[in-house]
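Enquirer: Fold the following and give me the result.
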Amino acid sequence: MRIEKKLSRTFNEFMQSGKSGGIVLIVCTLVSLALANSALGTDYLGFWHRHVAGLSIEHWVNDALMAIFFLLIGLELKRELYNGELSDLRRAMLPILAAAGGIAVPALIHLAFNGGTPTQAGIGIPMATDIAFALGVLSLLGKRVPASLKVFLAALAVMDDLGAIIVIAVFYTTQLSFAYLLAALGVFAALFLMQRVLRVMVLWPYLLGGAVMWFCMLQSGVHATIAGVLLAFAIPDSAIEDDAASPSQRLEHVLHQPVAFLILPIFALANTGIVIGAGWAAELLSANSVGILLGLGIGKPVGIFLFTFAAVTLGVCRLPLDLAWRHVLGAGLLGGIGFTMSIFITNLAFVGQAELINASKMAILLASFAAGLAGFLWLKFLGAPLASDPDPDTMDFDSDAAL
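Expert: Okay, the predicted model is just below:
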């Protein structure tokens with residue numbers, strides 16, 4: 001029997017903010033590139049390195065503002081686990097395994113070019129998918145693509161970003177302070193108990209505790225943005241879709257627009273001031289840049305498609321009834337948009353190596369642009385809903401596909 005499920009209000013709001021936010025991100029990136037390569041370039045780049053309260057402005061953006069972005073990612077992941085695509089084990093395996101392929105294959109491609117060299121640390125760069133940009137491109141197609149593709153790509157990108165977060169926490173941690181790390185985990189445990197035992201349903205104690213946890217994480221050596229993800233799982237949620245009484249869903253609703261129209265644009269301005277020198281084309285032929293270009297441009301779609309195909313062929317999971325393999329390949333192409341997360345990891349992988357960071361960011365921008373254009377064109381001409389799809393606004397499942 002065919003089961004039809006409409007997209008939730010929260011998900012539709014997220015798609016809409018991604019669509020408009022993606023346009024703002026592109027504008028901010030172009031402005032940043034233009035300023036960095038103009039007569040104002042030195043002053044523009046110098047502004048982000050000015051120190052305020054002990055940290056550079058760029059540091060505040062990447063460690064503090066981006067913690068709020070990671071909080072939103074955590075809230076989206078939790079929503080998917082509670083009542084979204086990841087709430088059903090059989091359906092969840094599809095985006096989980098797709099994300100695994102989208103992480104593993106690009107990493108192996110980068111490793112093949114950089115293994116045993118100083119640039120091996122960049123292995124995490126092509127692993128990531130920019131969830132806002134990818135969904136923003138997809139949302140431009142509106143009803144010309146099936147609903148299940150939007151949810152599949154969102155769940156895939158969220159799991160992909162979770163993988164990137166784990167990589168950041170495990171491999172890009174330096175000078176670990178166990179005292180501060182234990183303090184941060186202690187705050188998290190207190191917030192979690194406040195949710196589970198005391199049943200506190202107001203937001204401000206969690207946000208206050210989250211700020212303390214962020215400071216402790218910053219001092220611990222583990223990247224401070226991880227505190228945003230932990231905070232998301234400490235805030236009370238509801239298994240009811242679009243539950244107005246859920247603090248977690250209320251906060252997610254509040255954060256959509258500030259993240260899309262303020263935090264990510266500021267991040268783009270602070271991190272895409274790439275100076276395009278005379279030898280920029282030659283730099284794209286370096287092992288690290290080739291690993292990034294091929295990892296995002298080829299590794300992402302190949303990994304996502306092959307792991308999904310293998311999972312369905314082996315009977316681990318099924319495609320939704322309104323999804324075809326051409327849609328999966330389109331999602332894989334859009335998965336190659338690394339942008340925000342890839343740039344974020346670049347800053348961690350090559351600390352203090354300005355020229356290498358500059359070249360890596362150039363490769364990320366070119367690969368992300370190519371992936372976004374390829375994915376958009378593929379789905380525009382080949383991504384139409386199936387003829388058997390009665391309503392492109394609903395996800396369609398076989399009743400015996402769920403466990």
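Enquirer: alpha carbons only for contacts and neighbour counts from here, please
Expert: Will do.
Enquirer: all helices for the stretch 201-350 of the chain, in order.
Expert: In the stretch 201-350 of the chain, the segments counted as helices under DSSP state H, counting those that start in this stretch are 204-220, 226-234, 247-258, 264-271, 280-283, 287-294, 300-313, 325-334, 339-349.
Enquirer: Between the ones you listed, which one is closest to Gly54.
Expert: Nearest to Gly54 among the helices of the stretch 201-350 of the chain is helix 204-220 (12.7 Å), distances taken as Cα to Cα.
Enquirer: and the angle from the closest one to helix 226-234?
Expert: Here helix 204-220 runs at 150 degrees with respect to helix 226-234, directions being taken by axes from the mean of the first three to the mean of the last three Cα atoms, to 10 degrees.
Enquirer: which helices and strands sit right next to helix 204-220?
Expert: Counting by 3 or more Cα pairs under 8 Å, 6 or more residues apart in numbering; DSSP states H and E, the packing neighbours recorded for helix 204-220 are helix 178-196, helix 226-234.
Enquirer: Contacts for the helix or strand harbouring Gly74, please.
Expert: Taking DSSP states H and E as the definition, one finds Gly74 inside helix 66-83. Helix 66-83 has contacts (Cα atoms under 8 Å, 6 or more residues apart in numbering) with 86-87, 155, 158-159, 161, 224-233, 238-241, 248-249, 252, 255-256, 259, 263-264, 267.
Enquirer: try 6 Å this time
Expert: With Cα atoms under 6 Å, 6 or more residues apart in numbering as the test, helix 66-83 has contacts from 86-87, 225, 228-229, 232, 239.
Enquirer: picking up where we left off before, between the helices of the stretch 201-350 of the chain, which gets the lowest average pLDDT?
Expert: Within these, the stretch with the lowest mean pLDDT is helix 280-283, showing a mean of 84.
Enquirer: Name the nearest of the contacts of helix 66-83 relative to Val137.
Expert: Using Cα to Cα, the shortest approach to Val137 within these belongs to Leu86, at 22.5 Å.
Enquirer: residue contacts, that closest one?
Expert: For Leu86, counting by Cα under 6 Å, 6+ apart, the contacting residues are 80, 92.
Enquirer: Apply 8 Å and report the result again.
Expert: 80, 92-93, 155.
Enquirer: Please identify which of those is nearest to Gly338.
Expert: Out of those, the member with the shortest distance to Gly338 (by Cα to Cα) is Ala155, at 15.8 Å.
Enquirer: just to revisit the earlier point, pick the most deeply packed of the helices and strands packed on helix 204-220.
Expert: Of all those, helix 226-234 has the most neighbours on average by mean count of other Cα atoms under 10 Å, namely a mean of 24.
Enquirer: just the angle between that helix and helix 247-258, please?
Expert: Taking the same axes, to 10 degrees, one finds helix 226-234 and helix 247-258 inclined to each other by 140 degrees.
Enquirer: So Pro118 versus Tyr44, what's the distance?
Expert: Plainly put, Pro118 is 30 Å away from Tyr44 if you go by Cα to Cα, to the nearest Å.
Enquirer: Settle it for me: which of those two has more neighbours?
Expert: Neighbours per residue, other Cα atoms under 10 Å: of Pro118 and Tyr44, the larger number sits with Tyr44, 18 against 10.
Enquirer: Let me see the contact set for the more buried one.
Expert: For Tyr44, the residues meeting the contact criterion (Cα under 8 Å, 6+ apart) are 35-36.
Enquirer: That one sits in which helix or strand?
Expert: helix 41-48.
Enquirer: Report the rounded mean pLDDT for whichever helix or strand comes after that helix.
Expert: Per DSSP H and E, helix 41-48 leads on to strand 51-52 as the next helix or strand towards the C-terminus. The pLDDT scores in strand 51-52 average 94.
Enquirer: Any idea which of the helices and strands packed on helix 204-220 gets closest to Pro126?
Expert: Between Pro126 and the helices and strands packed on helix 204-220, the shortest separation by Cα to Cα is 19.6 Å, and it involves helix 226-234.
Enquirer: Thank you kindly, that will do.
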